[in-house]
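J.: Coordinates only, no sequence provided:
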């Protein structure tokens, strides 16, 4: 994958204004940032550019103001938390475009870091309006894209700027793209993919794409119930999209034609109610009773999946295997995640995981730091797994930027 990184920028950036598209769209509670994960991801790029003498100008969206200026969605609220994680002072400017702001940016000190106001206060942001792109470009001499989580959107600040300013990938974006290339672009084989979650309908494109690219497809969560039902197995009151039986059978047929082994559980954990610590039992999938619901994979299934991972060189993971938010129905997810982490630490497996639920599940299992790479991106990670081109990434690869 060809793209330019910070290594391709001038070593001395004194006097240069660098627009950096980060993702500062962080959760807030009581006016304070409640999870600074995305802010921490921005630190390496912002600190490096500032240390190289640049006037660093941070672009980001925040919430969904839909083109209106809203005080409750001002990025000014995020500045103190960003300063905390950076360990240095951070300024703020009340807009992100136009000649007046351009004059303000020129007055900033070399090595300073300044957050610009919410890009979505402008209607042209989500429309990738060329007028807004030009007005934003007045504020910078270079553009650095460091928000993979927003790369699936062709917006002015994620895609448009890359065509009018010299464009580079920031450190977080660079790490993400290298990890994704290692997982699906040019992976070491055999490759396994874990795809879990509630509904097949939300991951149809993912499953269809992966059966042609991976050697082992492990299906978990409520999605597995739909595949079991499609094979004529009664799943009781389990979450199941019975109307997608034909689709599930088509995916299984495609997998067989492509030489991809699809792993479905043969033992499961069932309960009569969807709640933590509900009375439960482990049964063969053919013995689920009409009033029962499948809430997790059974121990034999998990052991078999662990054995399959031991034969693989690369793993992509998106989605939990069971109702991991309810104990003890987190058992399968935790056990397989720990197996994957151990194989990764031994150097036997390249493991890449992504998506909000997945990150939460890996943190819950205590192994997020033991995977090769964990992406905090949700929609962008899914679209990448679907095999779709991401506009914000394509713009970095294209040769028409300045």
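T.: Cool, the structure landed. Treat the numbers as computed from the prediction; the structure is a model and nothing was measured.
J.: Quick check: which ranges of the stretch 151-300 of the chain have low pLDDT?
T.: Along the stretch 151-300 of the chain, no part satisfies pLDDT under 70.
J.: next one: the stretch 301-402 of the chain
T.: 398-402.
J.: in it, which spans are helices?
T.: Per DSSP state H, counting those that start in this stretch, the stretch 301-402 of the chain carries helices over the ranges 331-345, 356-365, 379-385, 391-397.
J.: Now tabulate the ones you listed in JSON lines and tack on mean neighbour count.
T.: C-beta: built from backbone N, CA, C; applies to glycine. Shown next, in JSON lines, are these (neighbours: other C-beta atoms under 10 Å):
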{"stretch": "helix 331-345", "mean neighbour count": "22"}
{"stretch": "helix 356-365", "mean neighbour count": "19"}
{"stretch": "helix 379-385", "mean neighbour count": "23"}
{"stretch": "helix 391-397", "mean neighbour count": "21"}
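J.: could those helices go into CSV alongside distance to residue 246?
T.: Below are the helices of the stretch 301-402 of the chain laid out as CSV (distance: least, C-beta to C-beta, whole Å):
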stretch, distance to residue 246
helix 331-345, 28
helix 356-365, 27
helix 379-385, 23
helix 391-397, 33
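J.: how about these, which one is nearest residue 155?
T.: With C-beta to C-beta as the criterion, residue 155 lies closest to helix 391-397 of the helices of the stretch 301-402 of the chain, at 8.2 Å.
J.: Centre of the chain to the closest one, how far?
T.: 16 Å (C-alpha atoms, centre = their mean, to the nearest Å).
J.: Outside of it itself, list whatever touches it.
T.: Under the contact criterion C-beta atoms under 8 Å, 6 or more residues apart in numbering, helix 391-397 has outside partners 1-4, 145, 147-148, 150-154, 158-159, 162-163, 167-169, 173, 177, 380, 401.
J.: try stretch 359-373
T.: In contact with stretch 359-373 (C-beta under 8 Å, 6+ apart) are residues 175-176, 179, 182-183, 317, 320, 324-325, 330, 333-334, 337-338, 340-342, 344-345, 349-353, 374-376.
J.: Figure out which of the helices of the stretch 301-402 of the chain is closest to residue 21.
T.: The nearest among those, by C-beta to C-beta, is helix 391-397 at 8.0 Å.
J.: what's the neighbour count on residue 118?
T.: Residues lying near residue 118 (other C-beta atoms under 10 Å) number 25.
J.: ugh, typo on my part, it should be residue 258
T.: Around residue 258 there are 14 other residues, counting by other C-beta under 10 Å.
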